[in-house]
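*Asks:* With the input below, show me the fold.
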Amino acid sequence: MVNSSAQLLDSGNLVIRDDSDGTTIWESFQYPTDSFLPRMKLGSDVKTMLKSWKTSSDPSVGTFSAGINSLTIPEIIEFYVWNGSHPYWRSGPWNGQVFIGVPYMNSRYRNGFTVVPDDNKGTAYVSFATGNESLMKYYLLNHDGTFMHKETVEWKQEWEVPWSALGTDWGFEPINVEEWNRENFTGGCARRTPLQCERNGSSNLDKKDGFLKLTTMKVPELADWVSVPENDGYMAPEYAMHGVFSEKSDVFSFGVLLLEIVTGRRNKSFSDDEQSLSLLAYAWRLWNEGNSELLIDPRITCQDFQMEILRCIHIGLLCVQEFAIERPNMSTVLSMLPSETANLPKPAFTQRPVLSTQWPVLSKRHSSQPCTNGLTVTIAEGR
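*Replies:* Residues are numbered from 1 along each chain as shown. From the prediction side, this is the model:
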């Protein structure tokens, strides 16, 4: 294979990669031998099963194999050891947590083993992981058909790649070898093998946008921050207009999300057929008219829970008030949601007179007709 390289990973997986794009051409985990290592996948076909040695000193393929039983998938998933084509041992069915026929298979095993069926292909695979990286744990299919669990507690100390204070870490090399040998380390280190993004990208960082160009990746045209003139999403108006961010900005976003959940509509894509109101302005109008129940998504409408849903609308409107100081903090919101008896304050915009010279209009089309009893949080304009 031209322009390829092999690498033995810390997991024990030997991989061969195409140096031109970094894709994996071949990996040893897909062709198990007699050892079942963490994150290796054992399947139900011959290629993905364990194969024993012929004898204790002869590594050629023996008569024993181990893997998932392909005859009972997906109804019953069992782990089998075969002697040739005959079952030699089986684990009992997988119940979603353990193989029920394995003695003493407790939570210690349950935390590591995973069985994933593929109903489309009629196959499955079993894998396991260890939570403690210092514990070398694996399973061995012996030449006599014994399936053994092995552990080595101190393996990390023995196999960890050594390096000293005067050397470079694994995968790196000095930028200036001559100065490095003189114990002048100010030049630093560089990766021996470029990362995938470095290999595929053209690093034109001298251009004004400052973005790394990657194939198949679209980046913004400019790195400059631009103020959003009309806030139709989750952004609080004080942040959209002045870049001021606080806990109350998060409360505003939560209020928008709460109203979206209740209505089943997205704030950015919502448009009232008659007046082209945003979702927040539409909710505000119905609130003032006493018709908040019209906001409720028909898919969640239920008379038994209508009061709870209307309470969510009320809390959502409190969260999206124009002035941050008038919004409740998040701890107050959390106490409001489960309470059915506490009286909620009215959103301030229902009590405050609004002048056309002070407040923007509700319509997203910038209608010239001011609303004398309305306030939008979706259009950011100066007062």
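
*Asks:* shaky segments in the stretch 201-350 of the chain?
*Replies:* 201-232, 271-276, 341, 349-350 (pLDDT under 70).

*Asks:* all helices for the protein, in order.
*Replies:* For the chain, the helices defined by DSSP state H occupy 107-110, 155-159, 177-181, 196-200, 237-242, 247-263, 279-289, 306-319, 330-336.

*Asks:* tell me the domain boundaries of the chain?
*Replies:* Residue ranges for the domains of the chain, per the TED database: 31-165, 237-337.

*Asks:* would TSV of those domains with distance to Gly188 and mean neighbour count be doable?
*Replies:* Where you see a C-beta, it was placed from the backbone N, CA and C, and this is true even at glycine. As requested, those are exported to TSV (distance: least, Cβ to Cβ, whole Å; neighbours: other Cβ atoms under 10 Å):
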stretch	distance to Gly188	mean neighbour count
domain 31-165	15	15
domain 237-337	36	17
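
*Asks:* Any chance of a markdown table for those, columns distance to Leu8?
*Replies:* Shown next, in a markdown table, are the domains of the chain (distance: least, Cβ to Cβ, whole Å):
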| stretch | distance to Leu8 |
| --- | --- |
| domain 31-165 | 11 |
| domain 237-337 | 47 |
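
*Asks:* could the helices of the chain go into CSV alongside distance to Leu50?
*Replies:* Putting the helices of the chain into CSV (distance: least, Cβ to Cβ, whole Å) gives the following:
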stretch, distance to Leu50
helix 107-110, 18
helix 155-159, 21
helix 177-181, 45
helix 196-200, 32
helix 237-242, 58
helix 247-263, 49
helix 279-289, 58
helix 306-319, 55
helix 330-336, 52
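
*Asks:* So for Thr186, which of the domains of the chain sits nearest?
*Replies:* domain 31-165 (14.9 Å; Cβ to Cβ).

*Asks:* Would you agree Phe94 is in contact with Asn69?
*Replies:* Phe isn't right for residue 94; it's Trp. No - using Cβ atoms under 8 Å as the test, Trp94 is too far from Asn69 to be in contact (10.3 Å).

*Asks:* Out of the helices of the chain, which is closest to Trp53?
*Replies:* helix 155-159 (21.5 Å).

*Asks:* What average pLDDT does that closest one get?
*Replies:* In this model, helix 155-159 has a mean pLDDT of 46.

*Asks:* Which neighbours do Trp94 and Asn69 have in common?
*Replies:* Counting by Cβ atoms under 8 Å, 6 or more residues apart in numbering, the shared contacts of Trp94 and Asn69 are 77-79.

*Asks:* Out of those residues, which one has the weakest pLDDT?
*Replies:* Ile77 (81).

*Asks:* wait, what's in contact with that residue?
*Replies:* Ile77 touches 68-69, 93-94, 115, 117, 124, counting by Cβ under 8 Å, 6+ apart.

*Asks:* Next: Asn184.
*Replies:* Contacts of Asn184 by Cβ under 8 Å, 6+ apart are Asn176.

*Asks:* Check what pLDDT it gets.
*Replies:* 72.

*Asks:* ok, now how distant is it from Arg90?
*Replies:* 64 Å (Cβ to Cβ, to the nearest Å).

*Asks:* likewise Lys268?
*Replies:* 56 Å.

*Asks:* returning to what we had before: wait, which of the contacts of Ile77 is closest to Ile309?
*Replies:* Pro117 (39.4 Å).

*Asks:* Let me have the contacts of Ile77 in CSV, extended by pLDDT.
*Replies:* As requested, the contacts of Ile77 are exported to CSV (pLDDT from 0 to 100):
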residue, pLDDT
Ile68, 85
Asn69, 79
Pro93, 83
Trp94, 81
Val115, 82
Pro117, 72
Ala124, 80
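
*Asks:* Next step: those residues restricted to strands.
*Replies:* The strands, defined by DSSP state E, take in 68, 93, 115, 117, 124 from the contacts of Ile77.

*Asks:* bridging residues for the first one?
*Replies:* The reference is to Ile68. Assessed by DSSP bridges, Ile68 has beta-bridge partners Phe79.

*Asks:* Quickly note the distance from it to Gly84.
*Replies:* Taking Cβ to Cβ, one finds Ile68 at 18 Å from Gly84.

*Asks:* now swap in the third one and tell me
*Replies:* From Val115 over to Gly84 the distance is 25 Å, taken as Cβ to Cβ.

*Asks:* again with Ser4
*Replies:* Taken as Cβ to Cβ, the span from Ser4 to Gly84 is 37 Å.

*Asks:* Kindly report the same for Glu289.
*Replies:* Glu289 is 80 Å from Gly84, by Cβ to Cβ.

*Asks:* go on, Gly233?
*Replies:* Taking Cβ to Cβ, one finds Gly233 at 64 Å from Gly84.

*Asks:* Nearest spatial neighbour of Gln306, chain-adjacent residues omitted?
*Replies:* Glu293 (6.7 Å; Cβ to Cβ, 6 or more residues apart in numbering).

*Asks:* Same check on Leu258?
*Replies:* Leu258 sits nearest to Gly316 (Cβ to Cβ, 6+ apart), 4.0 Å away.

*Asks:* cool, and Ser246?
*Replies:* Closest to Ser246 by Cβ to Cβ, 6+ apart is Ala324, at 6.3 Å.
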